[in-house]
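Trainee: show me the folded form of this:
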Amino acid sequence: MGKIIAIMSGKGGVGKTTLTAYMGAALNRRGHRVLITDADFGMRDLDLVLGKENDIFFDAIDIWKERCNKDNAILPLRAGFDFLPATQSRRWEDVGRKGYGKLIKKIAKSYDYVIIDAPAGIGRGNEAIFRVAEQLLLVAEPMWVSLRAVQRVMQLCHEERLFNYGLVLNNVGRSEAAVPVEEALQSLQVENIGTILPHSTNILTWSQAGVLHEECDGAIDTMMDPLLDYIESDTAWAEEDVLTRWNTLVATNTDDETDDSDSEIDKTSVSEGESVLFSSVNTKVTATTADSEVAVAEPVVTAAKVATEEDTLEAVDEVVKTEEQPIEEPPKKLSFGSLLKRRFTSFWTRGGRLR
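Mentor: Next up is the predicted model:
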């Protein structure tokens, strides 16, 4: 019989469904026969991220009640990778817990792994899943409300004498208000750390498009290795090793972002032979593609028209020539006596002949 794994959390919206689909596909790529199934009766959504919402005619309850055989209800995703949907018309309150366990164990005989996407909370559905699951993966985000909910699920695991569980810290980096990774792990004091997964917009995009099981994200795959090894061997990586891989991933992504910023700066240039003038109160910035040089903070006086060097020299020459010309003084006003004196002086100089 295949190994039955349940993905649980005390709080909804932490990524159980997307983890179920992505992890199932990752195990299948390692050569395993995998069945993923939705156990959220009455509120199924695993079919949406797989793009199978219009292909469902029978579900788990139909197999259980013998209204169809399992081949009618199980939908193939690709070779060795199948999906069993949950019922949308019944709730866990209407379903017997022992019957569900028998159904899952019967189907597990045909697979290496059966992964159950459990409902959120600690209700009746999860009580049934506790009884059938051989291994639990507890999913939490680095937020206090999610971490406290996982602590409650951990208590239930101890009450049910189910100690084979591991933590998946999901969506790290989604919010600036998140609890630091080391602090989150220290607050839970969990023995087995499955993995630490970064927030990825690719996962959201592929889930919306219904192709999550067909795609791969490099950062997610890097951190998926510790989790897959834990599932296959029942032995989790040491906490130090998981943190080392996580810190390496964070450092690599930071370096890539820095390189991208530098390349974007290098691309901001103008076409060859052109120059751009950015004028402000006292600063001019010029950029030229031909020589890829940038002059910054060169003093300049902003004016409506910028004269060339030749025009400036010509203007200076004209000013100099103007200054060299003698300045004519306006004629002085003479008194009547001065005029009479000048007249008689001219008379005696010309031989005493009046004109």
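Trainee: against Lys3, how distant is the closest residue to Gly125 other than its chain neighbours?
Mentor: When the adjacent residues along the chain are set aside, Gly125 lies closest to Trp92, with 3.9 Å between them (CB to CB, 6 or more residues apart in numbering). Placement of C-beta: from N, CA and C, glycine included. Separation of Trp92 from Lys3 (CB to CB, to the nearest Å): 23 Å.
Trainee: between those two, who's got more neighbours?
Mentor: Neighbour count, other CB atoms under 10 Å: between Trp92 and Lys3, Trp92 has more, with 22 against 17.
Trainee: Ile122 is in contact with that one, correct?
Mentor: No - using CB atoms under 8 Å, Trp92 is not in contact with Ile122; the gap is 11.9 Å.
Trainee: related to what we said a few turns ago, check contacts around the residue nearest to Gly125.
Mentor: Phe41, Gly42, Pro119, Gly123, Arg124, Gly125, Ala128 (CB atoms under 8 Å, 6 or more residues apart in numbering).
Trainee: same thing but 7 Å
Mentor: Phe41, Gly123, Arg124, Gly125 (CB atoms under 7 Å, 6 or more residues apart in numbering).
Trainee: tell me where the model's unsure across the stretch 201-350 of the chain.
Mentor: 256-350 (pLDDT under 70).
Trainee: now do the helices in this protein.
Mentor: Counting by DSSP state H, the chain has helices at residues 16-29, 46-49, 60-64, 70-73, 97-107, 124-132, 144-159, 181-188, 201-209, 218-233, 239-267, 309-324, 336-349.
Trainee: looking at these, which is buried most?
Mentor: helix 16-29 (a mean of 24; mean count of other CB atoms under 10 Å).
Trainee: neighbouring contacts of that one?
Mentor: 7, 9, 34, 36, 45-46, 49-50, 80-81, 113, 115, 117-118, 139, 168, 170, 203, 207, 212-213, 220, 224, 227-228, 231.
Trainee: so Ala140 is in contact with Val14, correct?
Mentor: Yes - the pair Ala140 and Val14 qualifies as a contact (CB atoms under 7 Å) at a distance of 6.1 Å.
Trainee: ok, Ile104 to Pro76 distance?
Mentor: 18 Å.
Trainee: closest to Ser175 out of the helices of the chain?
Mentor: Comparing these against Ser175 with CB to CB, the closest turns out to be helix 144-159 (11.2 Å).
Trainee: check which helices and strands the closest one sits against.
Mentor: strand 135-140, helix 181-188 (3 or more CB pairs under 7 Å, 6 or more residues apart in numbering; DSSP states H and E).
Trainee: and which of the contacts of Trp92 is nearest Glu183?
Mentor: Looking across the contacts of Trp92 and measuring by CB to CB, the closest to Glu183 is Gly123, at 29.7 Å.
Trainee: residues contacting that closest one?
Mentor: Counting by CB under 7 Å, 6+ apart, Gly123 has contacts Trp92.
Trainee: kindly provide the distance from it to Glu141.
Mentor: 21 Å.
Trainee: same question for Glu215.
Mentor: On the measure of CB to CB, Glu215 and Glu141 end up 22 Å apart.
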